[in-house]
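>>> Build the 3D model from these lines:
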Amino acid sequence: MAGTDLRQVAVALFKDAVAAADPAGAVRRALVSDPLPDCAGRRVVLAVGKAACAMMEEALRHLPDPYAAIAVTNRENLRELDGVQVLCGAHPVPDAGSARAGDALLAAVAGLGTADQVLALVSGGGSALAVAPAEGLSLAEKQQANAVLLGSGLDINRMNLVRQCLSRIKGGGLLRAAAPALVRSLILSDVIGDDLRVVASGPTVSAVGTRAEARQLLQEAGVWQDMPAAVQRHLSQEETHETGRPAEADNRIVGSNRVSLKAILTACPEALIVNDALCGDVATGAEFILSQIQQSQSGQVLVFGGETTVRLRGDGLGGRNQELALRVALGAKDISGDWVFLSGGTDGRDGPTDAAGGVVDSGTIARIEAAGLDPQAMLARNDSYHALQAAGDLLVTGGTGTNVADVQLFLRRS
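Residues are numbered from 1 along each chain as shown. Now for the predicted structure:
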């Protein structure tokens with residue numbers, strides 16, 4: 001790396017990781033290696049998530065007519081597709097468009113028989129982009145519940161346990177609605193460990209848990225009383241249907257965070273994957289990364305992957321990757337030499353911002369302070385976005401059309 005700009009190298013490696021999660025390539029490989037069987041009845045193709053349009057476009061290249069097709073994605077990745085009903089939902093908090101999308105997906109599979117076939121293309125973000133509130137719940141109540149979850153500090157697995165219990169589409173709901181049709185699902189995993197029940201809250205997979213477990217989880221997290229009364233009533237009732245699958249779906253992972261981390265190793269042989277499951281509270285994640293940085297050697301490239309969580313305590317703007325970058329910048333500001341740390345979401349969007357994350361170096365904190373800001377105070381109120389913006393250290397990529405969680409890189413001059 002001698003003579004190179006470390007910031008440029010870090011961003012290039014991040015882009016390599018994103019490219020490895022290209023949705024079209026993942027779908028192409030899956031359908032070329034194992035094509036769908038012939039279908040004597042109706043064929044329905046459904047795509048939901050931030051990669052929905054790219055996955056749908058590629059899938060249709062491998063399917064004969066006729067078919068009915070619906071794609072549900074976020075505004076950043078929205079585009080028209082020939083022969084496809086493309087719908088827009090909101091992320092991370094669902095809106096009326098998300099509710100229309102959920103109704104459309106359920107209507108598309110209603111009344112299918114044993115001769116019919118469903119191809120589901122699932123990617124991250126689907127939990128919010130297509131919603132169908134459980135009976136007795138309004139969209140507004142589900143929005144409020146989702147906002148509470150996002151600020152709770154719970155990881156994605158535990159958040160999705162609650163989300164599934166509040167939905168007619170998550171936790172195998174789409175599969176139940178499509179029964180007895182054959183269902184194959186191609187899944188671009190955005191969760192660490194690739195638990196398929198968690199990706200987009202598992203529309204074609206069995207539920208993570210029960211209402212009683214969701215209720216206990218919220219109580220232990222201290223946010224039960226923050227939930228709408230209707231949500232509390234719903235989670236306090238007995239199960240009204242079996243939480244398991246009514247039939248087996250053919251669920252297949254076609255891309256993941258681990259695949260993207262390996263792409264970095266291919267592009268940069270000196271790189272080392274330190275941790276591919278960086279989860280839990282962002283402060284703990286930053287402490288772990290800083291401990292590894294302290295032990296690193298000049299010339300090394302440290303690679304991390306995962307998805308941390310942030311407990312909201314202030315009214316600032318930011319996301320988990322921006323906060324992680326700011327925390328590392330504070331903790332590593334006295335490290336000598338030329339170094340860069342990048343933390344970014346592979347979907348190109350970190351929290352409710354236009355940034356994917358942050359790219360910081362030894363001068364980040366000084367630049368923030370030179371702008372008249374206190375980085376510690378901004379961190380305390382969850383305002384990492386404006387802190388990094390003042391330093392010129394936001395990582396802005398725009399929507400990438402994919403989502404396989406987060407990637408972190410630490411580079412140090414040899």
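>>> Pairing partners for the lengthiest strand in the chain, with directions?
Ordering each strand of the chain by length in residues (DSSP state E) puts strand 271-281 first. Here strand 271-281 is paired, per DSSP bridges, with strand 301-309 (parallel).
>>> right, and the helix or strand after the partner strand?
helix 320-331 (DSSP states H and E).
>>> Please state the mean pLDDT value computed over that following helix.
Here helix 320-331 scores 98 as its mean pLDDT.
>>> which stretches of the stretch 101-250 of the chain have low pLDDT?
Within the stretch 101-250 of the chain, the ranges that satisfy pLDDT under 70 run 240-247.
>>> Now do the longest strand of the chain and helix 320-331, the angle between them.
Here the directions of strand 271-281 and helix 320-331 differ by 110 degrees (axes from the mean of the first three to the mean of the last three CA atoms, to 10 degrees).
>>> Buried residues, the very next helix or strand once past strand 271-281. List them.
Per DSSP H and E, the first helix or strand lying C-terminal to strand 271-281 is helix 282-295. When burial is assessed from 16 or more other CB atoms under 10 Å, helix 282-295 yields the following buried residues: 282, 285, 286, 288, 289, 290, 293. The way it works is simple: take the backbone N, C-alpha and C, and place the C-beta from them, glycine included.
>>> who are the neighbours in contact with residue 300?
If you count contacts by CB atoms under 8 Å, 6 or more residues apart in numbering, residue 300 has them with 270, 272, 410, 412.
>>> What separation is there between residue 339 and residue 139?
Remark: distance between residue 339 and residue 139 (CB to CB, to the nearest Å) = 46 Å.
>>> now swap in residue 248 and tell me
According to CB to CB, residue 248 stands 32 Å off from residue 139.
>>> Then residue 264?
40 Å.
>>> neighbour count winner among those two?
residue 264 (21 against 17; other CB atoms under 10 Å).
>>> per-residue pLDDT, the more buried one?
Confidence for residue 264, expressed as pLDDT, is 97.
>>> in which helix or strand would I find it?
helix 257-267.
>>> Which strands and helices lie in contact with that helix?
Packed against helix 257-267 by the contact rule (3 or more CB pairs under 8 Å, 6 or more residues apart in numbering; DSSP states H and E) you find helix 6-20, strand 271-281, strand 301-309, strand 406-412.
>>> Only the buried residues of the second one, if you could.
By neighbour count, with 16+ other CB under 10 Å as the criterion, the buried positions of strand 271-281 are 271, 274, 275, 276, 278, 279.
>>> again, but for the longest one
For helix 6-20, the buried set under the neighbour-count rule, 16+ other CB under 10 Å, comprises 6, 7, 9, 10, 11, 13, 14, 15, 16, 17, 18, 20.
>>> can you put these in JSON lines and add pLDDT and distance to residue 206?
Formatted as JSON lines, these follow (pLDDT from 0 to 100; distance: CB to CB, whole Å):
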{"residue": "6", "pLDDT": "94", "distance to residue 206": "45"}
{"residue": "7", "pLDDT": "96", "distance to residue 206": "44"}
{"residue": "9", "pLDDT": "96", "distance to residue 206": "43"}
{"residue": "10", "pLDDT": "97", "distance to residue 206": "39"}
{"residue": "11", "pLDDT": "97", "distance to residue 206": "39"}
{"residue": "13", "pLDDT": "98", "distance to residue 206": "37"}
{"residue": "14", "pLDDT": "98", "distance to residue 206": "34"}
{"residue": "15", "pLDDT": "97", "distance to residue 206": "36"}
{"residue": "16", "pLDDT": "96", "distance to residue 206": "35"}
{"residue": "17", "pLDDT": "96", "distance to residue 206": "30"}
{"residue": "18", "pLDDT": "94", "distance to residue 206": "30"}
{"residue": "20", "pLDDT": "90", "distance to residue 206": "29"}
